[in-house]
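**Q** coords please:
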Amino acid sequence: MNIENFNILLGKTLSELEKTGDDQIIFHTVDGESYKLHHIQDCCETVYIDDICGDLRDLIGSPILKAEERQSDKPPSGISRPLEIGDTQTWTFYEIATIKGSVTIRWHGTSNGYYSESVDFSKI
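**A** All right, here's what the predicted structure looks like:
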């Protein structure tokens, strides 16, 4: 799998989305490409899809107008997740929009500070 920049989706049209549990979404394009948004779990860390705001079906059948990723070590307003002493956290947001609507996929990662809390976006 090749790691890609999330904005590679700009201008592409999705034919299907597959969400598997809280740790993976596969994006299929009308031109036969597939991309996976995921995290490979390791020791002493947890990374998962915390929330999806919007309807994923709005992303199918129209060109993607926005595909952005951003990260923060601060929780979103109104969200509190307790951490163990010494633990770190990363919030990763993926914003995707078409003319039909927009979706924000919020990932939350925690670890003891020595393991990755990042999300991978790979061409498969």
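
**Q** please pull out the lowest mean pLDDT helix or strand from the protein.
**A** None of the helices or strands of the chain scores lower by mean pLDDT, DSSP states H and E than strand 2-3, at a mean of 63.

**Q** now the helix or strand that that one is followed by: mean pLDDT?
**A** Using DSSP states H and E, the helix or strand that directly follows strand 2-3 along the chain is strand 14-20. Averaged across strand 14-20, the pLDDT comes to 95.

**Q** which outside residues touch strand 14-20?
**A** For strand 14-20, contacts defined as CB atoms under 8 Å, 6 or more residues apart in numbering pick out 25, 26, 27, 28, 29, 30, 49, 56, 59, 60, 61, 64. Using the backbone N, CA and C atoms, a C-beta is placed for each residue, glycine as well.

**Q** and the second one, what helix or strand is that in?
**A** Same thing as residue 26. Going by DSSP H and E, residue 26 is part of strand 24-29.

**Q** and the contacts of that strand?
**A** For strand 24-29, contacts defined as CB under 8 Å, 6+ apart pick out 9, 12-20, 34-38, 49, 105, 124.

**Q** so where is the protein shaky, pLDDT-wise?
**A** The model of the chain has pLDDT under 70 over residues 1-3.

**Q** the strands in it, which residues?
**A** Ranges of strands in the chain, per DSSP state E, are 2-3, 14-20, 24-29, 34-38, 45-53, 66-72, 88-98, 101-111, 120-123.

**Q** save those as CSV, and put in mean neighbour count too.
**A** Output for the strands of the chain, formatted as CSV (neighbours: other CB atoms under 10 Å):
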stretch, mean neighbour count
strand 2-3, 8
strand 14-20, 15
strand 24-29, 18
strand 34-38, 19
strand 45-53, 17
strand 66-72, 14
strand 88-98, 19
strand 101-111, 19
strand 120-123, 16
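
**Q** fine by me, we can end here.
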